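# My questions concern the predicted model and sequence given below.
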Amino acid sequence: MKEILESDLAKKIGVSRSVIKGHRNRLLKHGEHWHKKGRANVYSEEGASLIMEAAGVPTPPDEIKAIVDDSEAKKANEETLTYVHAKFANTRVIRGRRDSGEIVIVRVKTSENFRPADHQGNPMTFPARCEGGVWTITRPLPRWAGRW
């Protein structure tokens, strides 16, 4: 089943998440049209089309499928990287190693809590996504040194 995140749906149709929440509570059934995945709300194709109709954005079925497929492609583009220690003057970048061994530069909000090994002695890994040649971390940053 193809799914789309609420935040991606809000960006695509140009309304706030609170507007989508109102339509969700009024029109959609939990489990059939949408469900929770961790802390995020995820919509099925049918749920996304109902939200778009309610928001006044008439969308043909082919375009809805394209939007959902685009959201699925973003998830598939995510990769797990291993932190590689490097001192940069810019604290908003870190170095990560891909599974292929390639070293890449990853944008983060701050690099202060990244360590070569986590609190259990394992290499520190994190999910990242490459968009347009720029790698960005796709999870919250470590809250403490070497610990998520």
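Right, received. Where do you want to start?
# after the helix or strand bottoming out on mean pLDDT in the chain, next one along is what?
Lowest mean confidence among the helices and strands of the chain (mean pLDDT, DSSP states H and E): helix 61-76, at a mean of 69. For helix 61-76, the following helix or strand on the C-terminal side (DSSP states H and E) is strand 78-84.
# show me what contacts residue 147?
Counting by CB atoms under 8 Å, 6 or more residues apart in numbering, residue 147 touches 113, 118, 119. (C-beta placed from N, C-alpha, C; glycine too.)
# Tell me which stretches of this structure form strands.
3-5, 34-37, 40-44, 78-84, 93-97, 103-107, 125-131, 134-137 (DSSP state E).
# Output the ones you listed as a markdown table; include the columns mean neighbour count and distance to residue 51.
Formatted as a markdown table, the strands of the chain follow (neighbours: other CB atoms under 10 Å; distance: least, CB to CB, whole Å):
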| stretch | mean neighbour count | distance to residue 51 |
| --- | --- | --- |
| strand 3-5 | 20 | 10 |
| strand 34-37 | 14 | 9 |
| strand 40-44 | 19 | 7 |
| strand 78-84 | 16 | 24 |
| strand 93-97 | 20 | 36 |
| strand 103-107 | 15 | 31 |
| strand 125-131 | 15 | 25 |
| strand 134-137 | 15 | 27 |
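# Which one of these lies nearest to residue 18?
strand 40-44 (12.2 Å; CB to CB).
# which residues touch that closest one?
With CB under 8 Å, 6+ apart as the test, strand 40-44 has contacts from 1-7, 9, 24, 28, 32-36, 51.
# So for the closest residue to residue 109 other than its chain neighbours, what's the pLDDT?
In this structure, residue 109 finds its nearest non-sequential neighbour in residue 141, 5.8 Å apart by CB to CB, 6 or more residues apart in numbering. As summarised for this prediction, residue 141 has a pLDDT of 92.
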